[in-house]
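In: the following comprises the amino acid sequence and a computationally predicted model.
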Amino acid sequence: MSKRLTADLASGALAETLADIAEDAARVILPYWRNGVVAETKADDSPVTRADQEAEALILERLEALYPGVQAVAEEAVSAHGVPTSLKDWFWLIDPLDGTRGFVEGRESYTVNIALIHRDTPVAGVVSTPATGITWRSGAPGKGAFRRRFGEGWTPIHVRERPAAPVALMSHSLTDEEADRLGSRYGCKQWQGMDSSLKFCLIAEGRFDAYPRVGPTSEWDTAAGQAVLEAAGGRVMAEDGSPLRYGKPGHANGGFVALGG
């Protein structure tokens with residue numbers, strides 16, 4: 001692995017670079033939003049648009065130019081060509097437009113996700129929201145997490161202590177009854193529906209307390225958000241209570257919960 005990658009990871013420069021790339025991808029996506037974009041249906045019945053494809057092409061090109069030879073696992077490439085037959089110790093997980101259904105419907109909580117995985121652990125991650133112009137990132141290992149508006153400086157963020165009445169974030173795919181049951185499992189009588197990996201970031205900055213998930217997700221949906229949340233003092237756990245890991249068969253996640261303080 002290149003010395004530049006590991007040096008930039010250790011200094012925090014890597015996550016700042018990923019933030020710049022994610023924000024450039026956001027600028028590619030934004031003109032398509034609420035502008036009559038048409039979605040095609042992939043083999044797994046999920047939608048894809050030109051915005052997804054163009055943003056992914058930009059991200060892959062920029063990462064290869066800066067860190068040549070690092071394996072990339074990106075959603076649209078996997079959809080077109082299948083999952084890699086083997087993984088190296090270091091690889092990128094990329095979702096160029098997480099929350100495509102909401103994006104097509106005009107909702108604003110879609111994101112750009114870029115994460116670096118070392119073996120099975122997310123060690124750096126960036127989540128950017130094109131519609132609101134906000135980016136969250138991990139810092140150097142052990143140095144916290146940060147948030148900025150596009151073009152502004154970074155502000156440290158941290159999860160909040162669990163309040164007396166914790167509030168959960170839930171996938172929009174759940175019915176009210178399902179969300180009530182799932183929230184109660186983690187002591188949350190109140191909940192709010194939301195798209196994309198933005199849920200991890202809002203817990204990371206202390207606005208919410210839990211994000212339980214039982215339905216299927218892919219690793220590129222969660223890796224960047226997990227990196228940000230864990231850097232901010234939170235946890236993301238699989239159903240057996242262990243940290244959510246990466247490089248699983250088919251890059252598919254089982255159930256998990258993301259928690260703040």
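Out: Yep, it's here. Numbers count the residues shown, from 1 in each chain.
In: drop to CA atoms for contacts and neighbour counts, all remaining ones
Out: Fine.
In: any idea which helix or strand comes after the helix or strand of the chain with the lowest mean pLDDT?
Out: Lowest by mean pLDDT, DSSP states H and E among the helices and strands of the chain is strand 40-41, with a mean of 74. Remark: after strand 40-41, the chain's next helix or strand is strand 47-48, criterion DSSP states H and E.
In: tell me the strands beside that next one, with direction?
Out: Strand pairing for strand 47-48, determined by DSSP bridges: strand 40-41 (antiparallel).
In: relative to the whole chain's centre, how far out is the partner strand?
Out: 22 Å (Cα atoms, centre = their mean, to the nearest Å).
In: what lies in contact with that strand?
Out: If you take Cα atoms under 8 Å, 6 or more residues apart in numbering as the criterion, strand 40-41 is touched by 47, 48, 49.
In: which one is the last one nearest to, not counting chain neighbours?
Out: When you say that, I think you mean residue 49. Once flanking residues are discounted, residue 49 sits nearest to residue 39: 4.7 Å by Cα to Cα, 6 or more residues apart in numbering.
In: ditto for the first one
Out: Excluding its sequence neighbours, the residue lying closest to residue 47 (Cα to Cα, 6+ apart) is residue 41, at 4.7 Å.
In: so how far is residue 78 from that neighbour?
Out: Distance of residue 41 to residue 78, given as Cα to Cα, to the nearest Å: 15 Å.
In: swap in residue 72?
Out: Taken as Cα to Cα, the span from residue 72 to residue 78 is 10 Å.
In: neighbour count for the two, which is higher?
Out: Higher neighbour count among residue 72 and residue 78: residue 72, with 22 against 14, using other Cα atoms under 10 Å.
In: pLDDT weak spots in the stretch 1-150 of the chain?
Out: 1, 42-45 (pLDDT under 70).
In: how about the strands in it?
Out: 40-41, 47-48, 71-74, 90-98, 111-118, 121-129, 134-138, 145-149 (DSSP state E, counting those that start in this stretch).
In: now the second one: how far from the chain's centre is it?
Out: In terms of Cα atoms, centre = their mean, the centre of strand 47-48 is set 17 Å apart from its chain centre.
In: what sits up against that strand?
Out: Residues from elsewhere that reach strand 47-48 (Cα under 8 Å, 6+ apart): 39, 40, 41, 42, 100, 101.
In: check contacts around residue 103.
Out: Residue 103 is in contact with 33, 34, 109, 110, counting by Cα under 8 Å, 6+ apart.
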